[in-house]
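Asker: here is the input, now give the coordinates:
(chains A, B and C)
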Amino acid sequence: MNALPREFYARDVLEVAPDLLNKVIVHGERSARLVEVEAYAGTDDPGSHGYRGPTPRTEVMFGPPGHLYVYFTYGMHWCANAVCGADGTCMAVLLRAGAPLTGLEVMRVARGPAARRDRDLCSGPAKLCQALGIDRAVNGTDVVAGTGVTICDDGTPPPTDPGRSTRIGLTAGADRRWRWFVTGDPNVSR
DNA sequence: CCGCCGATCTTT
DNA sequence: AAGATCGGCGGG
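Answerer: Below is the predicted model:
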């Protein structure tokens, strides 16, 4: 299973986001197949953390593609994005949900008693990070290098006709249909 | 299954 | 003061 090359990410986020469906995110022995993503397009996008320009929090999104932008929200949750586009631009794909593949025992411990079923492990952006052990420690790390958090291609193609909708949980920029998901997958968030 | 509410703290 | 969320609880 090969890490996706840097060029994969060095494109417009609206091309990269649907292409990330069915790719595999790996962290140590834990892995999950991505089934739900959202695109965020920086300074043109009122829904993006980067809308008002770079800050200490968002500087990773303005950097080179193929890195992880991890942010903390609601006082308790981590969420992860794959940074896209050219260095200096601000584009990222929020990794919203995955189908657990390996390391399910470790994921269950990490997620705690709320995760009764397998589909409770990775079926949301903060659940995915908690299950995979993604937090501040891996913000800015390279997902191409093959060390640490890596996004891989195991040969499964993206769906030819993915589900599509507006993004979830936004007030600003809520009208853009920049969410893609694997239709019918039980791990897609609600 | 659905909807509401509180938790908790960083960022602006 | 609000936020790219989640889990528990109550009702249908």
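
Asker: the strands in chain A, which residues?
Answerer: Secondary structure of chain A (DSSP state E): strands at A:2-3, A:24-27, A:30-40, A:68-73, A:77-84, A:91-102, A:150-153, A:163-165, A:179-181.

Asker: gap between the residue of chain A most remote from its centre and A:M76?
Answerer: No residue in chain A sits farther from the centre than A:P113, which is 23.8 Å out by Cα atoms, centre = their mean. Counting by Cβ to Cβ, to the nearest Å, the separation of A:P113 from A:M76 is 16 Å. (Each C-beta comes from the backbone N, C-alpha and C, glycine too.)

Asker: and for A:T160?
Answerer: Applying Cβ to Cβ, the value for A:T160 to A:M76 is 38 Å.

Asker: same check, this time on A:P5
Answerer: Distance of A:P5 to A:M76, computed by Cβ to Cβ: 35 Å.

Asker: tell me which residues touch the closest residue to A:R108 other than its chain neighbours, please.
Answerer: Leaving aside its chain neighbours, A:R108 sits nearest to A:A115 (6.0 Å; criterion: Cβ to Cβ, 6 or more residues apart in numbering). Neighbouring residues of A:A115 by Cβ atoms under 8 Å, 6 or more residues apart in numbering: A:M107, A:R108, A:L121, A:K127, A:A131.

Asker: filter those residues down to just the ones in helices.
Answerer: A:M107, A:R108, A:K127, A:A131 (DSSP state H).

Asker: so which of those residues wins on neighbours?
Answerer: Among the ones in helices among the contacts of A:A115, A:A131 has the most neighbours (other Cβ atoms under 10 Å), with 27 neighbours.

Asker: that residue contacts A:R30, correct?
Answerer: Yes. At 7.0 Å, A:A131 counts as touching A:R30 under the criterion of Cβ atoms under 8 Å.

Asker: how close does the residue of chain A found nearest DNA strand B sit to A:D161?
Answerer: Nearest to DNA strand B, among the residues of chain A, is A:G75, at 2.6 Å (Cβ to the nearest atom of the strand). According to Cβ to Cβ, A:G75 and A:D161 sit 38 Å apart.
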